[in-house]
Structure formats: structure tokens, C-alpha cells
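# 3D, please:
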Amino acid sequence: MPRVLIIDDSAVERAIIAKVMGTLGYSIIEANDGEEGEQKAKDEKPDLIVLDVVMPKKDGFQVCRNLKKTPETEKIPIIMITSKNQDSDKFWGLRQGAIAYLIKPFNDQDLVDTVNKAMSMP
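Residues are numbered from 1 along each chain as shown. Modelled structure (predicted):
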């Protein structure tokens, strides 16, 4: 069973994302801030990471950048889901190594499509 790490400081958002990911057959790992999420990514090595940007301790941009610089996590696809909706935010998120950038509130089908696309990439 594939595993997804959901890193978001909102329990409600984690539950919404987990529900969608559960329908796709993923087992769920959760972290409630950037620091915890980065450590869990290194320890658990999930198949996919869904990452918020605005969080305590480390923001999603920092987490993404650090994971992409670390050999054991650099190949894990990262999807950012955030309320930061400026074009410059999206540009910066993708520049840090995320493969997709979705805006909250997101459409469940958009997440499903993004996950399917991410997992079909070589």
C-alpha cells in the first residue's frame, strides 16, 4: 500500500486531504508542522508528500527545499496545497522542487488528478 505524508498545521485540512488520499488507497502519515514533517519524511520515506506552506517552525518552502537537497528524500514527489494564491508563491513553490501547487480550498478531483499525474511520473 502506498504511503502519503500530509504536513499541515490544521487538523481539519489534514483530515480533508486524508479522506481523499484514503479513497486512492494510500495509508496516511501526518505531521502538524514543518519541522515534524521534515523529520517524518526522512524517517518514513513516504511515496508522496502533501505539504502546506504557512506553518509554524518551518514553512513549506523551507521543508520542500531541504527535502529536495537530501539524497534519501530528493525523489519523493511533493504537492503543495496552500492558501498562498499569488503567482509568485506558486512560482516559488515549484522552484523549491514541488511538482504541483494547489490553492485552498481545493477541489477533491483536482487533488486526485494531481496525485495520479505525480505517481505516473518517472
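# please make it C-alpha for all contacts and neighbour counts, starting now.
OK.
# now do the helices in this structure.
Along the chain, counting by DSSP state H, helices occupy 11-23, 34-44, 60-69, 87-95, 108-120.
# low pLDDT regions in this structure?
Scanning the chain for pLDDT under 70 picks out 122.
# try it again with 80
121-122 (pLDDT under 80).
# and the residue nearest the centre of it?
Residue closest to the mean C-alpha point of the chain, counted by Cα atoms, centre = their mean, is V50 at 1.8 Å.
# got the contact list for that one?
4-7, 78-81 (Cα atoms under 8 Å, 6 or more residues apart in numbering).
# okay, it and V63: tell me how far apart.
V50 sits 11 Å away from V63, going by Cα to Cα, to the nearest Å.
# same check, this time on I17
For I17 relative to V63 (Cα to Cα), the value is 19 Å.
# neighbour count: those two, which is higher?
Set I17 next to V63 and count neighbours by other Cα atoms under 10 Å: V63 wins out with 24 against 19.
# wouldn't the more buried one be in contact with Q39 here?
No. Between V63 and Q39 there is no contact under Cα atoms under 8 Å: 9.6 Å.
# common neighbours of those two, please.
Here V63 and Q39 have no joint contacts, going by Cα under 8 Å, 6+ apart.
# drop anything exposed from the contacts of V50.
In these, burial by neighbour count holds for 4-7, 78-81, counting by 16 or more other Cα atoms under 10 Å.
# and of the helices of the chain, who's closest to Y101?
Shortest distance between Y101 and the helices of the chain, using Cα to Cα, is found for helix 87-95: 6.1 Å.
# ok and the closest one relative to helix 60-69, angle-wise?
With axes from the mean of the first three to the mean of the last three Cα atoms, to 10 degrees applied, the angle from helix 87-95 to helix 60-69 works out at 20 degrees.
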